[in-house]
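Undergrad: give me a 3D structure for the following:
(one chain, ligands or ions: 1)
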Amino acid sequence: MTMPFTAPESYVGGVIAAGEPDADSLCFAFEQTLLLVAGEPPGLRLPAHWELTNLGRPPLRRLYLGTLGQRACYAFEYGADTEAPPGMAWQGLRALYGRLDDSLFALAGRALQYIDWDRTHQFCGRCGTPMRHREGERARECPACRLIAYPRIAPAVMCLVRRGSEILLARSPHFAPGMYSALAGFVEPGESLEQCLAREVLEETGIGIANPRYFASQPWPFPHSLMIAFVADYAGGEITPAPDEIEDAQWFALDALPKLPNRISIARRLIDGVMVEMREANP
Ligand SMILES: [Zn+2]
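TA: Numbers count the residues shown, from 1 in each chain. As a prediction, the model looks like this:
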């Protein structure tokens with residue numbers, strides 16, 4: 001199963017560009033977390049490199065990303081309040097899902113993460129010296145104490161718990177009104193994915209789980225997660241939502257599901273996948 005934000009098949013990562021950006025280059029230009037796009041749907045596209053000069057100022061940083069097919073890919077960051085020229089607009093990535101080509105959408109997520117990492121690793125976290133790019137590697141290095149910083153990825157697990165013909169869904173206070181999703185949380189140092197899964201479900205809902213099965217994973221660039229999704233069976237306990245973290249949690253029958261997350265996220269793919277599996281088992 002291919003998830004949104006997963007690397008396209010024809011993408012080859014790289015850190016050293018063969019030359020300067022040209023008319024064929026793919027340019028992922030960001031202002032904070034907003035991507036610069038040109039045209040109107042369904043013809044939404046990335047700006048050409050020459051069009052970036054219309055922004056009227058140089059980028060704060062430029063990173064080479066590798067190639068998509070034969071085309072070189074670059075990420076650019078522009079300063080806050082850089083105005084989009086006529087015919088172009090800064091847009092949030094989530095809203096571009098399904099409106100921008102899937103391969104470009106996935107690479108935009110990668111570009112956003114590299115830019116964020118580059119921006120937040122300008123100085124050594126150990127001695128405060130300005131960091132520099134490490135030759136031939138996606139890394140920044142401190143010239144004084146040799147500390148190396150690689151792009152950060154935070155693993156997080158997601159769990160959909162099954163109990164007979166029902167699934168456990170919960171909502172946190174920041175969800176859209178009425179929307180419920182599978183449970184999720186960040187992996188702690190010293191914890192296996194399975195241990196994290198059991199801890200998160202227990203902490204958030206008071207429910208015990210058994211028999212976790214891997215479902216799929218998804219890179220999630222807000223800001224740098226790797227979501228790893230599982231299905232598990234109910235193994236005991238009564239629903240007791242964690243105060244502040246979980247507003248409500250319920251067992252839902254397949255024919256009475258609440259509003260679910262958008263198909264951009266692995267949460268929805270997980271819920272849909274389990275629904276198909278359960279319907280096939282109990283036609
Ligand atoms: Zn240092």
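
Undergrad: count the neighbours of Val276 for me.
TA: By other Cβ atoms under 10 Å, the residues close to Val276 number 10. Using the backbone N, CA and C atoms, a C-beta is placed for each residue, glycine as well.

Undergrad: let's verify it: helix, strand, or coil?
TA: helix (DSSP: H, G, I helix; E, B strand; the rest coil).

Undergrad: now do it, the pLDDT please.
TA: pLDDT for Val276: 92.

Undergrad: against the ion, how distant is it?
TA: 51 Å (Cβ to the ion, to the nearest Å).

Undergrad: so what's the residue lying closest to Pro21 once chain neighbours are set aside up against?
TA: Among residues not flanking Pro21 along the chain, His49 sits closest, at 4.3 Å (Cβ to Cβ, 6 or more residues apart in numbering). The contact partners of His49, by Cβ atoms under 8 Å, 6 or more residues apart in numbering, come to 21-23, 25, 27, 74.

Undergrad: redo that, cut-off 6 Å
TA: Listed by Cβ atoms under 6 Å, 6 or more residues apart in numbering, the contact set of His49 reads 21, 25, 27.

Undergrad: that one and His121, how far apart?
TA: Distance, His49 to His121, by Cβ to Cβ, to the nearest Å: 26 Å.

Undergrad: and the helix or strand hosting Glu204, average pLDDT?
TA: If you go by DSSP states H and E, Glu204 is part of helix 193-205. For helix 193-205, mean pLDDT is 98.

Undergrad: so what does it touch, helix or strand wise?
TA: Helix 193-205 is packed against strand 154-163, strand 183-186, strand 208-220, with contacts defined by 3 or more Cβ pairs under 6 Å, 6 or more residues apart in numbering; DSSP states H and E.

Undergrad: so the longest one versus strand 154-163, what angle?
TA: The reference is to strand 208-220. 140 degrees (axes from the mean of the first three to the mean of the last three Cα atoms, to 10 degrees).

Undergrad: buried sites along strand 208-220?
TA: Neighbour-count burial for strand 208-220 flags 209, 212, 215-220 (criterion: 16 or more other Cβ atoms under 10 Å).

Undergrad: may I have the strands that pair with the helix or strand following that strand, each with its orientation?
TA: Sequence order places strand 225-236 as the next helix or strand after strand 208-220, per DSSP H and E. The pairing partners recorded for strand 225-236 under DSSP bridges are strand 154-163 (parallel), strand 208-220 (antiparallel).

Undergrad: just after strand 225-236, pick out the following helix or strand.
TA: Following strand 225-236 toward the C-terminus (DSSP H and E): strand 248-253.

Undergrad: tell me how far Trp117 lies from Ala7.
TA: Distance of Trp117 to Ala7, computed by Cβ to Cβ: 17 Å.
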